[in-house]
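>>> What follows is a predicted protein model with its sequence.
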Amino acid sequence: MDALIIEGPSRLSGKVEVSGSKNSALPLLFASILFDGKVTYENIPRLWDIETTLKLLELMGCRTEWNKTSGQVVIFPEVTKKVAPYDQVKKMRAGILALGPLVAKYGEAKVSLPGGCAIGARPVNYHIEALRKLGVSVEVEEGYIHATVKGKLVGNEILFPEVTVTGTENLLYVGVMAEGVTLLQNAACEPEVVALGEFLKSCGAKITGLGTPTIKIEGGGLKTSSPTVVIPPDRIEAGTWVAIALATRSFLEINHCDSSQMTSVLAAFRQMGGKIEELNGGTTLKVTPSEKYSPLHIETAPYPGFPTDMQAQILTTLCLAEGRSTVVESIFENRFMHVAELQRLGAKIEVNGNVATIEGPVDFQGAPIMATDLRASACLVLAGLISKGTTRVSRIYHLDRGYQRLDEKLCRLGAKITRVAE
Ligand code: EPZ
């Protein structure tokens, strides 16, 4: 695994380009299973999770081509094995997204239970219960989900007990290929779900209500054989850059964004005192830092609420605010592991259940720290940038899972970061 050695404090300047969205790319890549002809993708980010997804598709029999320079991926979905094995799915929980397309297209799937991860147990019971309502027989044995369509896939009404992003995505795949109408209630409204639905609609699917809690899918399959899709920008990476600009008190221009997907994030940072101009139709964010930041009360929530994937980043920035802030993590049961690492740098944070209380401002002092989960690792890099002295962030594999060479982009803006093998 690699580690990053960060010399701080760093003042950055210049322009940065946001890469394609990981959480859009993954469901769109798995959607290739629904097609007979090749599917072409543009703007695929260079991430470990993309490597893992292509590996999973290859193990199913697909041929894949990935031009890592241009960001183009071509999938030839010649599926022969309807299996997503544990050794790949354990690396990336989104492997559960193989379940819906395999069931929808081939009527069978053997997909490893993803297992938990650092941020929580991450069950998939809502996925399974929903598939059963569409006539899929599902057994869970020896760590695998065995799904078989006996007869036909028939649309039905599904009420998700809790908003689930990949659960909604799995039911979009299946609803499109089922007979009759599938109605999803309490569906996820995340832009990544909308991007998948809009792609399926462009291929002939009849879907209404995308971006709302009620999605109606009229089955009947897809019409297009060899589609092309461009991955939209990563709203979480864009939000991470806003946090970095404000925390390091740098003037940054962030390009290739879509600010319409970031309203709650931009509102929070503006409320702190950051000045964020939306230019070029919202594709560029121009960030002006402030010398003083105000404390906030933040609660994570499903879209369009404040995203849990931005919780660690804003919590770190709030360590610089003048006064007491509180952050409530309402989505995952264990998503404060970054707090202990931030405390090693001098942060004054107390965690009580799912509420973190932050006293600021503090002066961070560099120290060795360890990444634990994908988004938390970005907040630790951010913390290293605002710490006096040297900070070594180990287990940076977590960062590379979700951010395309964040360290290289930071160095181009003036950061002093060295990547070392550990
Ligand atoms: C997606 O995960 C994202 N991953 C996560 O991003 C993101 O944090 C999460 O949505 C919430 O926005 C991808 O899109 C690949 P959920 P997902 O199903 O779909 C509970 C990142 O860093 N739940 O919306 O797995 C679950 O435990 C990742 O890129 C069940 O109980 O999350 C959680 O508390 C981290 N049973 C809540 O629902 C289920 O069957 C939301 O989970 C499904 C979910």
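Cool, got the structure.

>>> Which residue, neighbours along the chain excluded, lies closest to Leu345?
Phe364 (4.3 Å; C-beta to C-beta, 6 or more residues apart in numbering). Any C-beta I mention is one placed from the backbone N, CA and C, and that applies to glycine too.

>>> Any idea how many residues pack against the one you found?
25 (other C-beta atoms under 10 Å).

>>> So that it lines up with my notes, have the first residue be 39 from now on.
I'll keep to 39 as the first residue from here, and by that count the last item is Phe402.

>>> wait, doesn't it sit right on Ile424?
Yes - in terms of C-beta atoms under 8 Å, Phe402 counts as a neighbour of Ile424; the distance is 5.5 Å.

>>> which neighbours do the two share?
Residues within reach of Phe402 and of Ile424 at once, by C-beta atoms under 8 Å, 6 or more residues apart in numbering, are Gly46.

>>> Next, the contact list for Pro47, please.
286, 423-426.

>>> Please read off the pLDDT at it from the model.
Note for Pro47: predicted pLDDT of 97.

>>> Can you tell me how far it is from the ligand?
Pro47 sits 27 Å away from the ligand, going by C-beta to the nearest ligand atom, to the nearest Å.

>>> how near is that residue to Glu460?
24 Å (C-beta to C-beta, to the nearest Å).

>>> now do Pro270
34 Å.

>>> got it, and Ser302?
Counting by C-beta to C-beta, the gap from Ser302 to Glu460 is 36 Å.

>>> out of the two, which sits in the busier spot?
Ser302 (17 against 10).

>>> ok, which stretches of this structure are helices?
60-68, 86-97, 124-127, 137-144, 163-171, 203-215, 229-240, 273-285, 301-310, 349-356, 375-382, 412-423, 435-440, 444-450 (DSSP state H).

>>> Which of these comes out lowest on mean pLDDT?
Checking each of these, the one with the poorest mean pLDDT is helix 435-440, at a mean of 90.

>>> Now do stretch 50-58, average pLDDT.
On average, stretch 50-58 scores 97.

>>> what do you get for stretch 257-270?
For stretch 257-270, mean pLDDT is 93.

>>> what does stretch 365-372 give?
94.

>>> what about the nearest residue in space to Ala142 that is not next to it in sequence, how many neighbours?
Among residues not flanking Ala142 along the chain, Met215 sits closest, at 3.8 Å (C-beta to C-beta, 6+ apart). Residue neighbour count, defined by other C-beta under 10 Å, stands at 26 for Met215.

>>> ditto for Pro161
12.

>>> Could you pull up the contacting residues of Gly312?
For Gly312, the contacting residues are 280, 283-284, 325-328, 331, by C-beta under 8 Å, 6+ apart.

>>> Just give me the neighbour total for the closest residue to Val187 other than its chain neighbours.
Spatial nearest neighbour of Val187, chain neighbours left out: Gly145 (3.8 Å); criterion: C-beta to C-beta, 6+ apart. For Gly145, the neighbour count with other C-beta under 10 Å is 17.

>>> just the one 4 residues further on next, same as before
Residues lying near Val149 (other C-beta under 10 Å) number 26.

>>> can you pull up the bridge partners for it?
For Val149, the beta-bridge partners are Ala122, Ile183 (DSSP bridges).

>>> What's the separation between it and Asp125?
13 Å.

>>> got the CA positions of stretch 323-336 in CSV?
Only the C-alpha atoms of stretch 323-336 are listed here, as CSV (Å, rounded to 0.1, in the frame of the first residue of the first chain):
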residue,chain,number,x,y,z
LEU,A,323,-16.8,27.0,-9.3
LYS,A,324,-14.6,30.0,-8.3
VAL,A,325,-13.9,29.7,-4.6
THR,A,326,-12.7,32.6,-2.4
PRO,A,327,-11.7,31.7,1.2
SER,A,328,-12.4,33.8,4.2
GLU,A,329,-10.1,34.5,7.2
LYS,A,330,-12.9,33.6,9.6
TYR,A,331,-15.4,30.8,9.3
SER,A,332,-18.7,30.4,11.2
PRO,A,333,-19.6,27.1,13.0
LEU,A,334,-22.5,25.0,11.6
HIS,A,335,-25.0,22.3,12.5
ILE,A,336,-24.9,19.7,9.7
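
>>> which parts of it are buried?
Buried positions in stretch 323-336, judged by neighbour count with 16 or more other C-beta atoms under 10 Å: 323-325, 327, 331, 333-334, 336.

>>> now these as CSV including pLDDT?
Below are those laid out as CSV (pLDDT from 0 to 100):
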residue, pLDDT
Leu323, 98
Lys324, 98
Val325, 98
Pro327, 97
Tyr331, 98
Pro333, 98
Leu334, 98
Ile336, 98
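
>>> near the ligand at all, stretch 184-202?
Yes - if you take C-beta under 6 Å from any ligand atom as the test, stretch 184-202 does meet the ligand, through 200, 202.

>>> Around the ligand, which positions in the stretch 39-188 of the chain sit nearby?
So far as C-beta under 6 Å from any ligand atom goes, the stretch 39-188 of the chain lies against the ligand at 60-61, 64, 131-132, 158, 160-165.

>>> Kindly recompute the last result at 5 Å.
61, 132, 161-164 (C-beta under 5 Å from any ligand atom).

>>> Quick one, which of those residues are buried?
61, 132, 162, 164.

>>> Leaving aside the residues adjacent along the chain, what's closest to the last one?
Spelled out, that is Tyr164. Nearest in space to Tyr164, with sequence neighbours left out and distances taken as C-beta to C-beta, 6+ apart, is Gly205 at 4.6 Å.

>>> Spit out the contact partners of that neighbour.
The neighbourhood of Gly205, defined by C-beta under 8 Å, 6+ apart, consists of 162, 164-165, 168, 198, 226.

>>> number of nearby residues for the closest residue to Gly181 other than its chain neighbours?
Of all residues not flanking Gly181 in the chain, Leu151 sits nearest, at 5.4 Å (C-beta to C-beta, 6+ apart). Per other C-beta under 10 Å, the neighbour tally for Leu151 reads 20.

>>> re the thing from before, tell me how far the residue nearest to Tyr164 lies from Ile166.
9 Å.

>>> buried ones in stretch 120-130?
Those would be 120-124, 126-130, for stretch 120-130 by 16+ other C-beta under 10 Å.

>>> from the residues you listed, which single one is nearest Leu191?
Lys120 (14.6 Å; C-beta to C-beta).

>>> In space, what's closest to the closest one - neighbours in sequence excluded?
Leu140 (4.6 Å).
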